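Enquirer: Sharing a model that was predicted from the sequence below.
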Amino acid sequence: MKLHPHAYVIVGDDGRGVLVHLGIDTVELKGQGFELLAAEGDRVSAGQPVVAWDPAVVEAGGRSPVCPVVALDALSGSVTEVAEGAVHAGDELFRWE
């Protein structure tokens, strides 16, 4: 796993990596408003919090709280059933075939 306050990469046992970016342009905050709940290199489980942050605070500061989630190096057509609209904690975002 690669870990920054505003973004992290999780790599599964199958070698597939997923990038999660917490908000847009949040790198400019230099970690302010984010709390790391794991350390780089930790083994984490599905549903385990990795970073704590408040999207409302990010938005109040003029930045977007939208969180891109990227299937790294996924082959074309291998990511399906992508969620649309608002999602909640624990929702499935996509399937990676």
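Expert: The structure has been received and is ready for your questions.

Enquirer: So for stretch 49-63, what gets flagged as buried?
Expert: Buried residues in stretch 49-63, counting neighbours by 16 or more other Cβ atoms under 10 Å, are found at 50-51, 53, 55, 58, 63. Just so you know, the C-beta spots here come from the backbone N, C-alpha and C atoms, and that holds for glycine as well.

Enquirer: Please identify which of those is nearest to Phe94.
Expert: The closest of the buried residues of stretch 49-63 to Phe94 turns out to be Val50 (Cβ to Cβ; 18.3 Å).

Enquirer: how far away is the closest one from Leu36?
Expert: Between Val50 and Leu36 the computed distance is 8 Å (Cβ to Cβ, to the nearest Å).

Enquirer: Please identify every residue contacting each of these two.
Expert: Between them, Val50 and Leu36 share these contacting residues under Cβ atoms under 8 Å, 6 or more residues apart in numbering: Leu3.

Enquirer: And the buried residues of stretch 49-63, which is closest to Val87?
Expert: Pro55 (12.5 Å).

Enquirer: quick one: Val82 and Trp96 touch, right?
Expert: No. Counting by Cβ atoms under 8 Å, Trp96 is not a contact partner of Val82; they are 10.4 Å apart.

Enquirer: residue ranges of the helices in the protein, please?
Expert: All helices of the chain, identified by DSSP state H, fall at 55-60.

Enquirer: center of it, which residue is that?
Expert: Val20 (2.1 Å; Cα atoms, centre = their mean).

Enquirer: So Val82 and Trp96 - more neighbours on which side?
Expert: Per other Cβ atoms under 10 Å, whichever of Val82 and Trp96 has more neighbours is Trp96, with 15 against 11.

Enquirer: What does Ala83 show for phi and psi?
Expert: Backbone torsions for Ala83, taken as degrees, to the nearest 10, come to phi -70, psi 150.

Enquirer: which ones are touching the residue nearest to it when sequence neighbours are not counted?
Expert: Of all residues not flanking Ala83 in the chain, Leu93 sits nearest, at 5.0 Å (Cβ to Cβ, 6 or more residues apart in numbering). Contacts for Leu93 (Cβ under 8 Å, 6+ apart) come out as 69, 82-83, 87.

Enquirer: Done for today, thanks.
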